[in-house]
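K.L.:
can you look at this prediction? I've put the sequence above it.
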Amino acid sequence: MVQPENLGRILDEHPFFAGIPGDLRALLIGCAANERFDIGQFLAREGLPSDKFYLIRAGQVAIEVDVPGKKPIILETAAEGEVIGWSWIVPPYRASFDARAQTLVRALSFDGACLRKKMEADHSLGYEVMRRFVPMMGHRLQTARMQMLDLYGPAVVKARKGKAG
Amino acid sequence: MNAHARNPAPADPMMPHPFRIERVRRELSDTFTMEMVPQSGGGFRFRPGQFNMLYVFGVGEIPISISGDPGDGAVLVHTTRAVGAVSQALDNLKAGDIVGVRGPFGSYWPVEQAFGHDLVFVAGGVGLAPLRPAIYQAMANRERFGKVVVLYGARTPADILFRKELEKWRGRFDMNVMVTVDRVAGKWNSDVGVVTNLVAKGGFDPLHATAFVCGPEVMMRYVALALEKRGVALSSVWLSMERNMKCGCGLCGHCQWGSDFVCKDGPVFRYDQIADRLSVREL
Ligand SMILES: Cc1cc2nc3c(=O)[nH]c(=O)nc-3n(C[C@H](O)[C@H](O)[C@H](O)COP(=O)(O)OP(=O)(O)OC[C@H]3O[C@@H](n4cnc5c(N)ncnc54)[C@H](O)[C@@H]3O)c2cc1C
Ligand code: FES
C-alpha cells in the first residue's frame, strides 16, 4: 500500500494536475492508487465498465479497437506525462476502446465513482478536474478528425509496380 | 517576401539541361528516388529547400524539390511520388534515360540563420524529401546547433519514407528522431497519432527553436498552431508551400499566391509572413 504522502509526490511529478490548490490535491489523492501493468495487460476493455482514468508515469499504452479476424487497429498511443480514460465522466462509464500496455506501464489511477462524489460535493474540485479534462478531450477530438482526413492518403493514380533500384 | 532566403536564378532559366539518370531507388510503392548527373559533365549546386522543374520529354514538366545532400555537388537527387501524368511518366524512366532539368529555383530553408538555436524538423509523408537536404546541412554543422529534432508523421509503418536513414539518425546521440503513424494494425511499438502530437513531446526549447515544416498544407497549418501553442515564435517557423507551376522562375504568374509567386518568393516561406493567407480558401 502506497502512503498518501507518496501518492502526493507521484501526483506532483505528473503535469496533468500541476497548480491544483492544496486542499483539492488532498481530495484527489484520496481517490488515487499507484498501478503497474505488464506488457499486453489491458488498462481498459471496450464495452466493459471503466470507472477509472490514468496518469501515465512511465511506458506506453495503445488505444486500439478489435477487428474480428484481424489484428487490432491502434488508433493512438499515449505515454509518460499523458492521460488516458474519460469514460468515467460520462454514464454508463464503459470504455469505448481497448487500452493495452505496449511496454511496462506505471500509472496513477483515479477511481471515477470516488472522484465524482467529491466533485459533486465540492464544485471547485469539479471545476479544476473538468478544466483539465475538457482541453484533453478537445485535443483528442481534433487529432481524431485530422486522422480521418487521411492527409497522406494514397495517390490518385496507382504507381507502376515492380521497379527497384 | 523572404528577402533572406533567396538564391539567384540560373542564367537561362527557361532552358532545360539534359541530365542522365544514374540510379533509381524505389522508396515506397508509389515513391521513388532518382540520382542524376548532367550529361555535359560538371556538377550541380543548390540550397536545401530549392526545387527543379523536371521535364519528361513529350509528356510535361513538374516542380520537384531536391532531396539530396547539398554538400555533394556531383549528383542531383529527387524523390517523387507518382500522383499523375508527369510524375507517373517520371516513374516509368530507368537508369540511362534522360530528363530535362531547369533550376535550381526558389527560396531555401535558412539553416544558417538558425545557428545557435534548437532546430526542429517536422515532416509529413513525402514532405520529408524537401527537408532532407536541410537535415544533411544541419548535421554537417552539428556543433552550431542546440538540439536537432526530427518529428515525422506517415500514414502507416509501410509508408515511412527514408526509413533506414531515420533509423540511422535515431541511433545517433546528437539527434532526436520521433516517428508517428496515423494508423497501424499489428506490431508497432512507436507512436500512433498525428504528427502534431509529437510537437509537445519533442524535447526542444521553444524559446530558442527554429522549426522547418513540410508536408500537406493542412498538416503544416496544424503543426504551426501546435508550435505556437508550445511557445515557438511564429517568425521562427518556416513552411514549404506547393502551388501549380509553369515557368518555375517568376515569369508567367501561374503560381501567384496573394502578393507572392510561390516559385520565386517561395516555396519556403516564414510562417508569420503568410499565416493570414494560409487560412484564405480562395487563394
Ligand atoms: C515547389 C514544389 C516542390 C515539390 N516537390 C515535390 C517533391 O519533392 N516530390 C513530389 O513527389 N512532389 C513534389 N511536388 C508536387 C509535384 O510537383 C506534383 O505532384 C506534380 O506536379 C503532379 O503533376 P502530375 O502531372 O504528375 O499530376 P497531375 O496530372 O497534375 O495531377 C494528377 C492528380 O494528382 C493530384 N496531385 C497533384 N499534385 C499532387 C500532390 N502534390 N500530392 C497529391 N496529389 C497531387 C491532382 O490533384 C490530380 O488529381 C512539389 C510541388 C512544388 C510546387
Ligand atoms: S510558375 Fe511562373 S511565375 Fe511562378
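P.N.:
Cool, the structure landed. Numbering: from 1, shown residues only, chains lettered A, B, ... in the order given. Ligands and ions are numbered 1, 2, ... in the order given.

K.L.:
all contacts plus neighbour counts: C-alpha atoms, from now on.
P.N.:
OK.

K.L.:
can you point me to the longest helix in chain A?
P.N.:
helix A:123-149 (DSSP state H).

K.L.:
which strand runs longest in chain B?
P.N.:
Ranked by number of residues, the top strand in chain B under DSSP state E is strand B:17-28.

K.L.:
still on that earlier bit, check whether the longest helix of chain A contacts ligand 1.
P.N.:
No: judged by Cα under 6 Å from any ligand atom, helix A:123-149 stays clear of ligand 1, getting no closer than 13.4 Å.

K.L.:
I'd like the average pLDDT over that helix.
P.N.:
Averaging pLDDT along helix A:123-149 yields 92.

K.L.:
same deal with stretch B:194-202?
P.N.:
pLDDT averaged over stretch B:194-202 gives 92.

K.L.:
so how far is it from its chain's centroid?
P.N.:
Averaging C-alpha positions (Cα atoms, centre = their mean, to the nearest Å) puts stretch B:194-202 19 Å from its chain's average.

K.L.:
is that stretch anywhere near chain A?
P.N.:
Yes: using Cα under 8 Å from any Cα of the partner chain, we find that stretch B:194-202 touches chain A at B:Val194.

K.L.:
now do the contacts for the closest residue to B:Thr31 other than its chain neighbours.
P.N.:
Excluding the flanking residues, the one nearest B:Thr31 by Cα to Cα, 6 or more residues apart in numbering or on different chains is B:Arg81, at 4.2 Å. Residues near B:Arg81 by Cα atoms under 8 Å, 6 or more residues apart in numbering or on different chains: A:155, B:30-32, B:87, B:126.

K.L.:
what does the pLDDT read for B:Arg81?
P.N.:
On the pLDDT scale, B:Arg81 gets 97.

K.L.:
what about it, distance to B:Glu242?
P.N.:
Note on B:Arg81: its distance to B:Glu242, by Cα to Cα, to the nearest Å, is 14 Å.

K.L.:
what's the answer for A:His14, then?
P.N.:
41 Å.

K.L.:
B:Arg270 now?
P.N.:
14 Å.

K.L.:
picking that back up, in the longest helix of chain A, which residues are buried?
P.N.:
In terms of neighbour count (16 or more other Cα atoms under 10 Å in any protein chain shown), helix A:123-149 has its buried residues at A:125-126, A:128-129, A:133, A:136, A:143-144, A:146-147.

K.L.:
and for stretch B:274-281?
P.N.:
B:274, B:278.

K.L.:
that one: how far from the chain's middle?
P.N.:
Taking the mean of its C-alpha atoms, stretch B:274-281 sits 20 Å from the chain's own mean (Cα atoms, centre = their mean).

K.L.:
pLDDT (mean, whole number) over that stretch?
P.N.:
Averaging pLDDT along stretch B:274-281 gives 84.

K.L.:
again with stretch A:44-55
P.N.:
On average, stretch A:44-55 scores 94.

K.L.:
does any part of it sit near chain B?
P.N.:
No: residues of stretch A:44-55 are not located near chain B by Cα under 8 Å from any Cα, the shortest gap being 15.7 Å.

K.L.:
what ranges do the helices span in the chain?
P.N.:
Chain wasn't specified; assuming chain A. With DSSP H as the criterion, chain A has helices spanning A:4-13, A:22-29, A:112-121, A:123-149.

K.L.:
other chain: chain B
P.N.:
Taking DSSP H as the criterion, chain B contains helices spanning B:85-91, B:128-140, B:163-170, B:196-201, B:217-230, B:271-278.

K.L.:
partner strands of the helix or strand of chain B with the lowest mean pLDDT, with direction?
P.N.:
Ranked by mean pLDDT, DSSP states H and E, the weakest helix or strand in chain B is strand B:184-185, scoring a mean of 84. Paired strands of strand B:184-185, with direction, are strand A:73-79 (antiparallel) (DSSP bridges).

K.L.:
excluding chain neighbours, what is closest to B:Glu242?
P.N.:
Here the residue nearest B:Glu242, using Cα to Cα, 6+ apart, is B:Pro267, at 6.7 Å.

K.L.:
could I get the pLDDT score of that neighbour?
P.N.:
pLDDT, read off for B:Pro267, is 97.

K.L.:
got the angle between the longest helix of chain A and helix A:22-29?
P.N.:
Angle between the axes of helix A:123-149 and helix A:22-29 is 60 degrees (criterion: axes from the mean of the first three to the mean of the last three Cα atoms, to 10 degrees).

K.L.:
packing partners for helix A:123-149?
P.N.:
Contacts defined by 3 or more Cα pairs under 8 Å, 6 or more residues apart in numbering or on different chains; DSSP states H and E place helix A:123-149 against helix A:112-121.

K.L.:
repeat that with 10 Å
P.N.:
helix A:22-29, strand A:73-79, strand A:83-84, helix A:112-121, helix B:196-201, helix B:217-230 (3 or more Cα pairs under 10 Å, 6 or more residues apart in numbering or on different chains; DSSP states H and E).

K.L.:
more neighbours, B:Arg270 and B:Glu242?
P.N.:
The residue with more neighbours, out of B:Arg270 and B:Glu242, is B:Arg270; 23 against 18, by other Cα atoms under 10 Å in any protein chain shown.

K.L.:
right, and that one touches B:Trp238 too?
P.N.:
Yes: with contact defined as Cα atoms under 10 Å, B:Arg270 counts as touching B:Trp238 (4.5 Å).

K.L.:
any common contacting residues for the two?
P.N.:
Jointly contacting B:Arg270 and B:Trp238 under the rule Cα atoms under 10 Å, 6 or more residues apart in numbering or on different chains are B:109-110, B:211-212.

K.L.:
nearest to ligand 1, of these?
P.N.:
For those, the residue nearest ligand 1 by Cα to the nearest ligand atom is B:Trp109; the value is 12.5 Å.

K.L.:
what's the neighbour count on the closest residue to B:Thr33 other than its chain neighbours?
P.N.:
Spatial nearest neighbour of B:Thr33, excluding adjacent residues (Cα to Cα, 6+ apart): B:Thr79 at 4.2 Å. Residues lying near B:Thr79 (other Cα under 10 Å) number 25.
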